[in-house]
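In: what follows is a protein structure lacking sequence information:
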């Protein structure tokens, strides 16, 4: 973990527990258990919140890929800020990219991808981005799932904050996506794993697939700091919360822009 400042948008969501990924070699391994194996194009949905420190090409959010350039399933950012999901079967792959919304740096964004046999859907901040047919049958059980990486490659790690990662063994409806965007719970039916990332990498689903953390640092912003910074954003002078990592110690300061 390298030292440096992280500017955090503290206006949303109200829960401020998350993990910080340095964009170099930080990730969380969440395993390859039966509850999130997806053979024969099994339905799948993933929901997570991200807050990138910078927006760069191939900033990986989550993946289930074979090492050596064999993509099976990855969600990541492009340099444009658009969200892309790559699906593969070991022989070929296809890409799906958000069409009308670019993720901004230092801002929380909610990403949802939902697959059924032959269809693909994506939402960014509760706005539908992709709703289309797909040709390739996904084989996303090739290796372990990792949060904060794409293509199972350390060159494609996420630089910033991630929280509330969910893997469902079913598709999600637009109504459920709206609930998740508004931090409300949805039916836990076929929930394969849920990593809130609120201080540790525990899986709060019934399967209890606790993640193994490699470098990423848990961060909790107190309600008191949240209220102070949130109130200070009203007016001509904006302020932000700077989280500085020095020798593993997290220092929080309120700075003016």
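Out: Now that the structure is in, tell me what you want to look at. Owing to the predicted nature of the structure, the values given are computational and were not obtained by experimental measurement. Numbers count the residues shown, from 1 in each chain.

In: could you use CA atoms for every contact and neighbour count after this?
Out: Fine.

In: ok, which stretches of the chain are helices?
Out: Per DSSP state H, the chain carries helices over the ranges 174-181, 223-232.

In: worst mean pLDDT among these?
Out: Mean pLDDT values for the helices of the chain show the minimum at helix 223-232, a mean of 44.

In: against residue 107, how distant is residue 175?
Out: Applying CA to CA, to the nearest Å, the value for residue 175 to residue 107 is 23 Å.

In: more neighbours, the two?
Out: residue 107 (19 against 11; other CA atoms under 10 Å).

In: for the stretch 1-150 of the chain, give me the ranges with low pLDDT.
Out: The model of the stretch 1-150 of the chain has pLDDT under 70 over residues 1-16, 33-41, 65-70, 139-142.

In: just the stretch 151-257 of the chain next, same as before
Out: 221-257.

In: so residue 48 touches residue 168, yeah?
Out: No. Contact between residue 48 and residue 168 fails when scored by CA atoms under 8 Å: they sit 11.6 Å apart.

In: nearest residue to residue 29 in space, please, no chain neighbours.
Out: residue 146 (4.5 Å; CA to CA, 6 or more residues apart in numbering).

In: just give the number of residues close to the one you found.
Out: 25.

In: was I right to think it contacts residue 64?
Out: Yes. Distance between residue 146 and residue 64: 6.7 Å, which falls inside the contact criterion (CA under 8 Å).

In: overlap in contacts of the two?
Out: Common neighbours of residue 146 and residue 64, using CA atoms under 8 Å, 6 or more residues apart in numbering, are residue 152.

In: beta partners of the residue nearest to residue 29?
Out: Bridge pairing for residue 146 (DSSP bridges) gives the partners residue 29, residue 63.

In: which ones are touching it?
Out: Residue 146 touches 27, 28, 29, 30, 31, 62, 63, 64, 152, counting by CA under 8 Å, 6+ apart.

In: okay then, goodbye and thanks.
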